[in-house]
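Colleague: Quick one, what's the 3D model for this:
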Amino acid sequence: MSGHKPLAGQKALVTGANSGIGEGVAIALGQEGADVVVNYVEGDAAANAVADRIKQSGGNAIVHKADVSSEDEVGGMFDRAVREFGTIDILVNNAGLQRDSAFADMTLEKWNKVLGVNLTGQFLCSRAAVHEFLRRGVVPSVSRAAGKIICMSSVHQVIPWAGHANYATSKGGIKLLMESMAQELAPKRIRVNGIAPGAIQTPINTSAWDTPDALKSLLTLIPYGRIGLPEDIARVAVWLASDDSDYVVGTTLFVDGGMTLYPGFSTNG
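Modeller: Below is the predicted model:
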């Protein structure tokens, strides 16, 4: 291992960073040289623990409580990030939640909550980040890009999911939000890409893997034969945030052990 850290000198903001995939991504960005704003909406102790991990690896970290579906709270968070870190180079739009329901029984509140956090939250945070990227421009000593946005999506941007229409709709929206931003912002040297995780062992989906029977059932959907871990996603996020991926624009990387290969058809359907 060389001493080079690919994100040295960069400032990152990760939403929903106090557990699960967001926690893994925030810690990995810090380990690779970035200073990190750890955003969260509940769980002060967990957020502080993530910041401590980043500081132990040599990075700086601040925790900031904000609901990404609130325009005012997002604005305040980015104002603080720029005030304390000087700028933001990397945004990871990770905050997301589920409010599962049979379609006929789904309430407007459950629909609006999921779309508000998962989709509108990515819009609000991306818009705030883009304002900063455009203000600052490219600083070649830091990065070849003026800024990098990573939109955390899901295999459910392409796989329908009965009982989760609000969630799948939010992820389908993220796909085209990401691609439309990427197309519009690439000439400004802002790179926007997505990561679509498959089944990752996180608190949002505990019931899918926390018993032997549940895990066995889940693994029938994963050709590679194991459940993913937050660090599987974190390694991809580090690469997308670094100049190693400088020519990658508007792409969704599926990190899913092959789940999107529709393994039910492996035995001829």
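Colleague: Mind jotting down where the helices sit in the stretch 101-250 of the chain?
Modeller: 108-115, 121-136, 165-185, 212-219, 230-241 (DSSP state H, counting those that start in this stretch).
Colleague: for the last one, packing partners?
Modeller: Contact here means 3 or more CB pairs under 8 Å, 6 or more residues apart in numbering; DSSP states H and E; on that basis helix 230-241 packs against helix 20-31, strand 90-93, strand 147-152, strand 190-197, strand 252-255. In this view, the C-beta of every residue, glycine as well, is placed from N, C-alpha and C.
Colleague: quick revisit: as CSV, the helices of the stretch 101-250 of the chain with distance to residue 144, mean pLDDT and mean neighbour count would be great.
Modeller: Listed next are these as CSV, based on distance: least, CB to CB, whole Å; pLDDT from 0 to 100; neighbours: other CB atoms under 10 Å:
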stretch, distance to residue 144, mean pLDDT, mean neighbour count
helix 108-115, 34, 98, 15
helix 121-136, 13, 99, 20
helix 165-185, 15, 98, 19
helix 212-219, 39, 92, 12
helix 230-241, 12, 98, 22
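Colleague: closest one to residue 84 among those helices?
Modeller: Evaluated over these, closeness to residue 84 peaks at helix 121-136, with 13.1 Å, by CB to CB.
Colleague: distance between the closest one and the chain's centre?
Modeller: Its chain's average C-alpha position is 15 Å from that of helix 121-136, according to CA atoms, centre = their mean, to the nearest Å.
Colleague: helices or strands next to it in the packing?
Modeller: helix 71-85, strand 90-93, strand 147-152, helix 165-185, strand 190-197.
Colleague: closest to residue 101 out of the ones you listed?
Modeller: helix 165-185 (7.5 Å).
Colleague: now that closest one and helix 121-136, what's the angle there?
Modeller: Following axes from the mean of the first three to the mean of the last three CA atoms, to 10 degrees, one obtains 20 degrees for the angle between helix 165-185 and helix 121-136.
Colleague: So which elements touch helix 165-185?
Modeller: By 3+ CB pairs under 8 Å, 6+ apart, helix 165-185 packs against helix 108-115, helix 121-136, strand 147-152, strand 190-197.
Colleague: same thing but 6 Å
Modeller: Under the contact definition 3 or more CB pairs under 6 Å, 6 or more residues apart in numbering; DSSP states H and E, helix 165-185 sits against helix 108-115, strand 190-197.
Colleague: Check the burial of residue 205 by counting its neighbours.
Modeller: 16 (other CB atoms under 10 Å).
Colleague: now it: how far from residue 228?
Modeller: According to CB to CB, to the nearest Å, residue 205 and residue 228 sit 11 Å apart.
Colleague: Make a markdown table out of the helices of the stretch 101-250 of the chain and add distance to residue 31.
Modeller: Shown next, in a markdown table, are the helices of the stretch 101-250 of the chain (distance: least, CB to CB, whole Å):
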| stretch | distance to residue 31 |
| --- | --- |
| helix 108-115 | 31 |
| helix 121-136 | 22 |
| helix 165-185 | 25 |
| helix 212-219 | 29 |
| helix 230-241 | 8 |
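Colleague: Thank you, goodbye.
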